[in-house]
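Structure for this input, please:
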Amino acid sequence: MSATENDVGTSASARIARPRLALTLIAAAQFVVIMDTSIIGVALSDIRRDVGFTPDGLSWIFNAYVIAFGGLLLLGGRLSDLFGARRIFTIGWVTILAGSVGAGLATMPWIEIASRTVQGAGAALIAPAALSLLMATFGGTPLLPRAFAVYGASAPIGGTAGVFLGGVLTEYFGWPWVFYITVPIAVVILALTPRAFSAGARTTGRVDLVGAVTGTAGLALTVFAIVRVPEAGWATLETAGTLAAGIVLLVGFGIRQARATHPLLRLGMLRMPLLAGSNLAQLLLGAAWIPMWFFLNLYLQNVLGASAFAAGAALVPMTLLIVIGMTVIAPRLAARFGTRAMVVGGFALLGAGVGWLAFAPADGSYLAHVLPASLVAASGMALAFVPSLSTAIASAAPAEAGVASGLVNTSYQIGSAVGLAILSAVSAGVATTAASGAAGYSAAFAGAAVIAAFGLVAAAVMLRSTRD
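Predicted structure coming up:
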């Protein structure tokens with residue numbers, strides 16, 4: 001082979017390999033930021049014993065991550081637009097690596113909580129930057145639907161893998177390894193990122209510091225108030241005061257964005273029908289899906305008597321169906337039927353599956369009452385998630401892809417927190433008066449089905465028919 005032929009072959013090979021490497025790193029990013037929310041569950045009792053948490057304070061190992069993640073996503077998206085997605089992606093991985101090391105080494109509760117906050121901040125930089133990199137790498141190519149499908153499927157894989165890894169690592173290596181496991185992943189991704197992505201151009205403009213502070217603080221306080229509801233209750237001064245402060249700051253954020261020369265979030269974006277509709281769909285998907293996943297775990301363990309590991313194994317068929325649905329089935333159906341049909345149909349199946357779970361009895365069985373219903377719900381999530389996500393990102397101008405990514409991630413995270421808080425309160429209220437231990441879980445599943453019904457109506461009204 002001549003030198004010229006060899007160069008041509010090498011160039012063609014590079015063009016094939018680089019998108020594959022890029023998609024692998026983007027999928028790994030989504031996998032890790034979701035895994036880090038679920039991996040700690042089995043380890044909590046050991047962390048409480050060794051680090052010295054009180055029973056009430058233990059929930060902050062989870063809450064600190066979620067609040068930082070949800071509160072900083074918009075800022076992460078804006079930084080990605082201004083300074084380049086690859087640069088912010090890299091900074092995010094350095095940040096989450098540092099937080100993971102700190103969380104594993106923690107000997108006092110405040111160190112653990114601070115480290116989990118740092119992890120969440122890193123995730124808030126990684127998530128929108130990863131979506132921006134996905135659009136920059138695959139936008140305008142036939143590979144884009146497939147790339148979105150792989151990205152979307154990485155989330156349920158990360159959630160389920162977190163349950164498994166949490167149990168294995170805690171039992172055989174000790175609880176610090178539920179945090180240390182992120183370190184080698186981060187190191188590998190940091191080493192490969194310059195090979196997978198171009199540096200990208202920086203855009204003109206600057207960070208709206210006032211908007212960043214008010215928006216981040218408003219989101220953080222709102223999420224804080226919501227995640228505290230199961231412990232503090234809705235009708236308390238703590239909840240009302242914190243929620244009011246968060247809302248006031250968010251209103252101030254909106255006023256600031258309307259007047260700022262370089263806003264963190266251009267409010268005109270929210271008037272784009274497809275962007276607004278797809279973000280609402282993501283919010284309601286999070287509000288229905290995450291509580292279903294959470295309470296299904298509890299039903300399997302507390303009602304059917306499954307161990308934590310067995311409960312995780314019970315979620316594998318659902319996860320596999322989501323992966324197949326998102327990567328193989330949904331892209332083909334979306335090309336034929338369009339976004340609105342996919343999202344409406346997805347919400348219908350999700351609502352039907354979760355509604356079916358609401359009838360699972362206290363003496364139920366996995367094969368009869370859990371498996372078929374969970375598969376119906378999973379098929380709905382597989383159909384609705386990727387079309388609504390991709391529509392949200394594609395609806396924005398390229399210069400605002402990072403902000404759109406941060407916004408859609410924020411919508412899903414806020415929806416998850418709100419849905420879980422509301423349905424946890426509903427479940428607890430029913431459980432205190434019911435004779436059956438399963439009644440509280442049934443009420444939560446029924447509530448999730450109602451949320452899915454709202455999503456179906458919202459998608460039908462707000463998403464125009466499109467085959468994009």
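
shaky segments in the stretch 151-300 of the chain?
200-205 (pLDDT under 70).

quick one, helices of it?
177-180, 182-196, 209-232, 237-259, 273-298 (DSSP state H, counting those that start in this stretch).

tell me the contacts of the closest residue to Leu79 other than its chain neighbours?
Among residues not flanking Leu79 along the chain, Ile88 sits closest, at 5.1 Å (C-beta to C-beta, 6 or more residues apart in numbering). All C-beta spots, glycine's among them, are computed from the backbone N, C-alpha and C. Each residue near Ile88 by C-beta atoms under 8 Å, 6 or more residues apart in numbering is listed here: Gly76, Leu79, Ser80, Leu125, Pro128, Ala129, Gly402.

let's see it at 6 Å
Listed by C-beta atoms under 6 Å, 6 or more residues apart in numbering, the contact set of Ile88 reads Leu79, Ser80, Leu125, Ala129.

Just give me the closest of those to Glu112.
Distance to Glu112 across the contacts of Ile88 (C-beta to C-beta) is lowest for Leu125, with 21.0 Å.

need the contacts of Ile88 in CSV with secondary structure and pLDDT, can you?
Shown next, in CSV, are the contacts of Ile88 (DSSP: H, G, I helix; E, B strand; the rest coil; pLDDT from 0 to 100):
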residue, secondary structure, pLDDT
Leu79, helix, 90
Ser80, helix, 88
Leu125, helix, 95
Ala129, helix, 92
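
okay, those residues in CSV with distance to Leu283 and neighbour count next?
Below are those laid out as CSV (distance: C-beta to C-beta, whole Å; neighbours: other C-beta atoms under 10 Å):
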residue, distance to Leu283, neighbour count
Leu79, 23, 26
Ser80, 21, 31
Leu125, 21, 28
Ala129, 21, 32
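
burial count for Ile451?
Applying other C-beta atoms under 10 Å, we find 27 other residues in the vicinity of Ile451.

Same question for Ile185.
18.

again, but for Ala401
24.

Quick check: what element follows the helix or strand harbouring it along the chain?
Element membership of Ala401 [criterion: DSSP states H and E] is helix 401-433. Per DSSP H and E, the first helix or strand lying C-terminal to helix 401-433 is helix 439-462.

Name the residues of that following helix that are buried.
Neighbour-count burial for helix 439-462 flags 439-449, 451-453, 455-456, 458-459, 462 (criterion: 16 or more other C-beta atoms under 10 Å).

just stretch 364-374 next, same as before
Applying 16+ other C-beta under 10 Å to stretch 364-374 flags Gly364, Tyr366, His369, Val370, Ala373, Ser374 as buried.

re the thing from before, dump the helices of the stretch 151-300 of the chain to TSV, plus distance to Ala396.
Putting these into TSV (distance: least, C-beta to C-beta, whole Å) gives the following:
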stretch	distance to Ala396
helix 177-180	34
helix 182-196	23
helix 209-232	17
helix 237-259	15
helix 273-298	6
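
Assign a three-state SS to Gly345, would you?
helix (DSSP: H, G, I helix; E, B strand; the rest coil).

sorry, that was for Phe359
coil.

for the one 10 residues further on, same thing?
Following three-state DSSP, we place His369 in the helix state.

isn't it right up against Ala360?
Yes - His369 is in contact with Ala360 according to C-beta atoms under 6 Å; the separation is 4.1 Å.

Can you report how many residues lie near Asp363?
So Asp363, with other C-beta under 10 Å, has 10 neighbours.

Can you tell me the element it falls in?
Short version, using DSSP H and E: Asp363 is in no helix or strand.

OK, contacts around Ala106?
So Ala106 contacts Val51, Glu112, Ser115 (C-beta under 6 Å, 6+ apart).

among those, who's most crowded?
Glu112 (26 neighbours).

Report the spatially closest residue to it, excluding sequence-adjacent ones.
Per C-beta to C-beta, 6+ apart, closest to Glu112 is Ala106, 3.9 Å.

How much space separates that neighbour from Leu265?
For Ala106, the distance to Leu265 (C-beta to C-beta, to the nearest Å) stands at 34 Å.

between the buried residues of stretch 364-374, which is closest to Asn279?
Ser374 (26.4 Å).

Distance-wise, check Leu296 relative to Ser427.
Leu296 is 12 Å from Ser427, by C-beta to C-beta.

typed the wrong thing, it's Ala29
32 Å.

between the two, which one's more packed in?
Ala29 (28 against 23).

nearest spatial neighbour of that one, skipping sequence neighbours?
Ala130 (4.2 Å).

and the residue nearest to Phe385 when sequence neighbours are not counted, what does it touch?
Nearest residue to Phe385, sequence neighbours excluded (C-beta to C-beta, 6+ apart): Gly152, at 5.1 Å. Each residue near Gly152 by C-beta under 6 Å, 6+ apart is listed here: Met326, Phe385, Val386.

Apply 10 Å and report the result again.
Contacts of Gly152 were listed using C-beta atoms under 10 Å, 6 or more residues apart in numbering, and they are 27, 30, 322-323, 325-327, 330, 381-382, 385-390.

Please narrow the residues you listed to those residing in helices.
Among the contacts of Gly152, DSSP state H puts 27, 30, 322-323, 330, 381-382, 385-390 in helices.

hang on, the earlier thing: helices or strands up against the helix holding Ala401?
helix 3-38, helix 60-83, helix 85-105, helix 109-138, helix 209-232, helix 273-298, helix 371-394, helix 439-462 (3 or more C-beta pairs under 10 Å, 6 or more residues apart in numbering; DSSP states H and E).

Measure how the third one sits relative to helix 109-138, angle-wise.
Relative orientation of helix 85-105 and helix 109-138, computed by axes from the mean of the first three to the mean of the last three C-alpha atoms, to 10 degrees: 150 degrees.
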